[in-house]
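Chemist: coordinates for the following, if possible.
(4 chains)
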Protein chains: 4
Amino acid sequence: MDKVDYLKVFREIVAEMDGADDCGEVATYIPELANVDPNKLGMHLTTVSNDNYSLGDSDEKFSIQSIAKVWSLTLVLKILGKETWKRLGVEPSGNAFNSLVQLEYEKGIPRNPFINAGAIVICDMLVSLLEVPKVDLLNFIRKSSGIESIDYSPGIAESEIQTGHRNYALANLMKDFGNIHNDIGTVLDLYFNLCSIELTCKELAQAFLFLASKGVNPFNNETVISPRRTKRINSIMLMCGFYDEAGEFAFRTGLPGKSGVGGGIVAIHPGEFCIAVFSPKLNKRGNSYKGMKVLEGVTTKTNSSIF
Amino acid sequence: MDKVDYLKVFREIVAEMDGADDCGEVATYIPELANVDPNKLGMHLTTVSNDNYSLGDSDEKFSIQSIAKVWSLTLVLKILGKETWKRLGVEPSGNAFNSLVQLEYEKGIPRNPFINAGAIVICDMLVSLLEVPKVDLLNFIRKSSGIESIDYSPGIAESEIQTGHRNYALANLMKDFGNIHNDIGTVLDLYFNLCSIELTCKELAQAFLFLASKGVNPFNNETVISPRRTKRINSIMLMCGFYDEAGEFAFRTGLPGKSGVGGGIVAIHPGEFCIAVFSPKLNKRGNSYKGMKVLEGVTTKTNSSIF
Amino acid sequence: MDKVDYLKVFREIVAEMDGADDCGEVATYIPELANVDPNKLGMHLTTVSNDNYSLGDSDEKFSIQSIAKVWSLTLVLKILGKETWKRLGVEPSGNAFNSLVQLEYEKGIPRNPFINAGAIVICDMLVSLLEVPKVDLLNFIRKSSGIESIDYSPGIAESEIQTGHRNYALANLMKDFGNIHNDIGTVLDLYFNLCSIELTCKELAQAFLFLASKGVNPFNNETVISPRRTKRINSIMLMCGFYDEAGEFAFRTGLPGKSGVGGGIVAIHPGEFCIAVFSPKLNKRGNSYKGMKVLEGVTTKTNSSIF
Amino acid sequence: MDKVDYLKVFREIVAEMDGADDCGEVATYIPELANVDPNKLGMHLTTVSNDNYSLGDSDEKFSIQSIAKVWSLTLVLKILGKETWKRLGVEPSGNAFNSLVQLEYEKGIPRNPFINAGAIVICDMLVSLLEVPKVDLLNFIRKSSGIESIDYSPGIAESEIQTGHRNYALANLMKDFGNIHNDIGTVLDLYFNLCSIELTCKELAQAFLFLASKGVNPFNNETVISPRRTKRINSIMLMCGFYDEAGEFAFRTGLPGKSGVGGGIVAIHPGEFCIAVFSPKLNKRGNSYKGMKVLEGVTTKTNSSIF
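Modeler: Numbers count the residues shown, from 1 in each chain, chains lettered A, B, ... in the order given. Okay, the predicted model is just below:
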């Protein structure tokens, strides 16, 4: 197969965007997100053979938010294996409106590791499993990505703690059901720090390339996780990576991925590439409007999809 | 109308109880409730002309729990009047299962002041309104009841704080909706202290007699609240005083009342009497099994009911 | 006690209404309701000693709709007694939004006989119990009210059948749970015919006066139902008679009552009177806006309330 | 790549099954399903180059039930294209418990074409679009599969109609929201007939092979649907094909698929094969217990997965 010229693809997609695509709203619940330039648009694709394609603001750092939940899941799976699934599921969560009642009805067992409740349980597991949770998790992230400079952003984490009442509600409800084992303050401190990490599109594409290459980071040949578990993480990303829009994303793009409220999206084509896009304006479901457009464009124009 | 011999009525009711009525379970979520003697049964009725009728363990102190929410509501209504209803409703809450989703669907506005969420909002109002909330609320309770010895029970309050994760979940969810204005810890400290009060049946019947006599305490002629608001408190008690069993209680007993998870129930016959019953074994809805039986017996045998 | 001059009370209430009270919307889902003159306002109060007070359009016939459900409940209770409660409850239903999920969660057992699902179960019982259900029910209504001219309105019933998809949905869901025993078409035909009855305020006040006088119709001394069951019907009306506004009505008016989407309301003061009001504009909860105002005025001005 | 010997794989999987795998329950809600031999186990895999592998009861006919919903979706998509998505979504549905409330909350728009509500809307579209719906749909199924003998099973359809109250409830609720345009009886007759089709594993694998080969049936080179829409059907199958167990199936098997309550499952490996399995005992989520086991075994042993 000839090499695809993804840069040409990126340029076509951007050229075809018009005023109608300049919609959506930047997240405003904390100042660190509200103050982002809404017109930023960056994209970076790294293939498993380490070819790189960039366009726009691909070297601009942004808050990756929920995308970081892929790391916490990966680390817990690496340590616990299928024991992990005793305390949460792998099913899509349905719509946001019933998140609390679903958690209540299902007795404090979150549907999957990417909804907030599930990511909080994963952080609770890490608090139990790791010696110095915040340090050890950061070391894992640095080592698996090969990017030593990755760090928490204390300002963002602090803002999240101040406004994160709903996450405290979720954690307390799960504690009531016995599915949070550690102190809620400690667990949420880890959770909010994890979500505070800032990266560029280029760094993101590099950081999660192991999911496109059977669990091994092509940069330093670091084995992050086994091929079998890599597949499972990809399947969970496809089923649950886009909140209440997972079906729409699978339908239009056909790739596993994970989005964050900061406007970033990472997507994986197993065996082919990892791509990261950043554009801060979000659609109603909380996913980057232009980010979804770019990813749909890439898979349509290159006729690539897992289906 | 001749005086009713309520003591005779009490004796008949107790005589007619049999093994089949020895059912239900004592609340066990904190040791202070779990350790209560499950066989206690006390009852006390005080008429508006201060005739008193007692049977059984009517001088045994017990944790009145949610019954105390009648005081916090009374004090807020006294200060704020109908402003109170901007932040909560007067509707029955339906079943427990959807308490969280209802609160979420209704944007953090609790259905009524007797469900936990509503009582927490009432405590939040008191924290805003009172100078020294815990002291001032206690003074109001002492003055309105004419019982100077009433006090919080720090041990019970502390146990509730340790296990009250669901209440923290409710408070955080409401804070997310902007319906809790003060620090959650402070609000819940007041809430749990309020619910920690211990009284005897006799004291309870005296304390809430003002609701049977147009808002005036017959013991010291203290005007607790206006006749109009007295009616409204009674109507809220009838509609919302028994969790998910309010209809059943109205249907069988026909009196406004309020129960607590400690096994106490207070009921009001406006213009006639206030009655308190205590028996710690609870039915599935969390109301005293024998307490409900006694009250049904009283209204059936004396043919008294507001309907 | 001196006789209250309710006519004077009516006149004061109407005089005090102003432009702000001309709000709400007439029900439009069937032409028979949509075409009603929205400015009609009638009221009639009959005391247990048969004093009568009327004002406005009190001799105007209107579709009483759900108010008729009081009769079907009365007849089933008369025949079955407490067996009735094996297939439905006496609890308020909470808000409309979760009517279907509540029915599903509670396995097809409706919360009370006044929500649509409960009234349909009551009609299913009547189909099983009566020889010629439509005829026998009508005869009971005529005899209990002493009004021989009461009849179904085939045009209204037919319109309801054509648009009543949600009621068919409820009936089918309950049939799935085994709580509808007869053919759905037959049951809903009875249900829609029952709700199609048209009466004047004067007739309505007469028809339900038995609920204010211990179950005996004062006009013809017909014993409609026992005193004990009369109380229970009153308690169910208070708890469940106003859809999701039962608490508000109890709070403001303090009387058991039942409203209909045609703009009628009946309320009972046990031992005192039965009052009927008609004004077709409904508030957001589906209850007559001015009807609620009039009833609140009557109990406020005469200081009458069961509390 | 060498040819995989799927027969060997099948044999290994069956050999490794033991008593612990003999669990689950046959569907019993209609006699036609209840009377099936619970011990049947058949499987058939057809590759895109028409290699065939069979084991066990692969020539036993069984009721394919919901698997047939793939055809109705395919035909509507072929005719209407993206217009289809104005009346239903492509999102997973979350758990069964809230199916009705979700439909109500989302105003009669079903989440996807494979839950019952969605499949009923698809049938409503077909009633509008086709001249003689039952005949035309059957002709499409015959032509697209190349199997002329496929027919409805009137006995099964009739049994479903008699017991399908919940489906009538769903249809009536959607009609109330205006999302069913035709007579409910006609729509559900088409729906139940579609679900009544009986096929063998071999026929099933042949019938849906077009989904593994870009929309073209390899047997007769019939173009069933475009490659782009083929991908979309596969993505919907992956996201929504297994009721509340879609995530689990994606996680364990990694292939798009569709199950039926008769115990059949079809799964697709795009570009590779179509596989059908039949075993009537269902797990708690309503999917064939052994069927899931066989498919997980195939993808694990051959290391095939779209992830």
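Chemist: burial count for the residue lying closest to A:A276 once chain neighbours are set aside?
Modeler: Counting by Cβ to Cβ, 6 or more residues apart in numbering or on different chains, A:A276 lies nearest to A:L204, which is 3.7 Å off, once chain neighbours are set aside. (Glycine included, C-beta is placed from N, CA and C.) A:L204 sits with 29 neighbouring residues when counted by other Cβ atoms under 10 Å in any protein chain shown.
Chemist: isn't A:N193 right up against A:K134?
Modeler: Yes. In this structure, A:N193 is within contact of A:K134 by Cβ atoms under 8 Å, at 6.0 Å.
Chemist: now do the contacts for the residue nearest to A:A276.
Modeler: Going by Cβ atoms under 8 Å, 6 or more residues apart in numbering or on different chains, A:L204 touches A:44, A:64, A:67, A:264, A:266, A:276.
Chemist: element containing it?
Modeler: Assessed by DSSP states H and E, A:L204 sits inside helix A:201-207.
Chemist: closest to chain D among the contacts of A:L204?
Modeler: A:V266 (15.0 Å; Cβ to the nearest Cβ).
Chemist: looks to me like the closest one is in a strand.
Modeler: Yes. Remark: A:V266 belongs to a strand, assigned using DSSP: H, G, I helix; E, B strand; the rest coil.
Chemist: can you check the pLDDT for it?
Modeler: We have a pLDDT of 98 for A:V266.
Chemist: now A:N95
Modeler: We have a pLDDT of 59 for A:N95.
Chemist: after the helix holding A:L204, next one along is what?
Modeler: Later in the chain than helix A:201-207, the nearest helix or strand by DSSP H and E is strand A:216-217.
Chemist: so what strands line up beside the helix or strand that that next one is followed by?
Modeler: Sequence-wise, the next helix or strand downstream of strand A:216-217 (DSSP H and E) is strand A:222-223. When pairing is defined by DSSP bridges, strand A:222-223 lines up against strand A:216-217 (antiparallel).
Chemist: pLDDT on the partner strand, on average?
Modeler: Here the average pLDDT along strand A:216-217 is 94.
Chemist: show me where the stretch 101-250 of chain A has its helices.
Modeler: Secondary structure of the stretch 101-250 of chain A (DSSP state H, counting those that start in this stretch): helices at A:116-129, A:133-145, A:154-163, A:165-176, A:184-194, A:201-207, A:227-240, A:246-252.
Chemist: would a markdown table of those helices with mean pLDDT be doable?
Modeler: What follows is these, written out as a markdown table (pLDDT from 0 to 100):
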| stretch | mean pLDDT |
| --- | --- |
| helix A:116-129 | 97 |
| helix A:133-145 | 97 |
| helix A:154-163 | 94 |
| helix A:165-176 | 94 |
| helix A:184-194 | 98 |
| helix A:201-207 | 97 |
| helix A:227-240 | 94 |
| helix A:246-252 | 89 |
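Chemist: any idea which of the ones you listed gets closest to A:V26?
Modeler: helix A:154-163 (14.7 Å; Cβ to Cβ).
Chemist: that closest one: which residues count as buried?
Modeler: Neighbour-count burial for helix A:154-163, counted by 16 or more other Cβ atoms under 10 Å in any protein chain shown, picks out A:156-157, A:159-161.
Chemist: what does it contact?
Modeler: Helix A:154-163 has contacts (Cβ under 8 Å, 6+ apart) with A:29-32, A:63, A:188-189, A:192-193, A:195-196, A:198.
Chemist: tilt between it and helix A:184-194?
Modeler: Put simply, helix A:154-163 runs at 130 degrees to helix A:184-194, going by axes from the mean of the first three to the mean of the last three Cα atoms, to 10 degrees.
Chemist: tell me how far helix A:154-163 is from the chain's mean position?
Modeler: Its chain's C-alpha centre and that of helix A:154-163 lie 19 Å apart, by Cα atoms, centre = their mean, to the nearest Å.
Chemist: ok, stretch A:146-163 next?
Modeler: Worked out by Cα atoms, centre = their mean, stretch A:146-163 lies 15 Å from the chain centre.
Chemist: send over that stretch as PDB, restricted to the C-alpha atoms.
Modeler: The C-alpha atoms that make up stretch A:146-163 are tabulated as PDB, following Å, rounded to 0.1, in the frame of the first residue of the first chain:
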ATOM      1  CA  GLY A 146       8.400   8.800  26.200                       C
ATOM      2  CA  ILE A 147       7.700  12.500  27.100                       C
ATOM      3  CA  GLU A 148       9.500  13.300  30.300                       C
ATOM      4  CA  SER A 149       8.200  16.900  30.500                       C
ATOM      5  CA  ILE A 150       4.600  15.900  31.100                       C
ATOM      6  CA  ASP A 151       3.300  17.300  34.400                       C
ATOM      7  CA  TYR A 152       0.100  18.200  36.300                       C
ATOM      8  CA  SER A 153      -1.200  21.800  36.100                       C
ATOM      9  CA  PRO A 154      -1.900  22.800  39.700                       C
ATOM     10  CA  GLY A 155      -3.900  25.800  38.700                       C
ATOM     11  CA  ILE A 156      -6.300  23.800  36.600                       C
ATOM     12  CA  ALA A 157      -6.600  21.100  39.200                       C
ATOM     13  CA  GLU A 158      -7.400  23.600  41.900                       C
ATOM     14  CA  SER A 159     -10.100  25.300  39.700                       C
ATOM     15  CA  GLU A 160     -11.700  21.900  39.100                       C
ATOM     16  CA  ILE A 161     -11.700  21.100  42.800                       C
ATOM     17  CA  GLN A 162     -13.500  24.400  43.500                       C
ATOM     18  CA  THR A 163     -16.300  23.800  41.000                       C
END
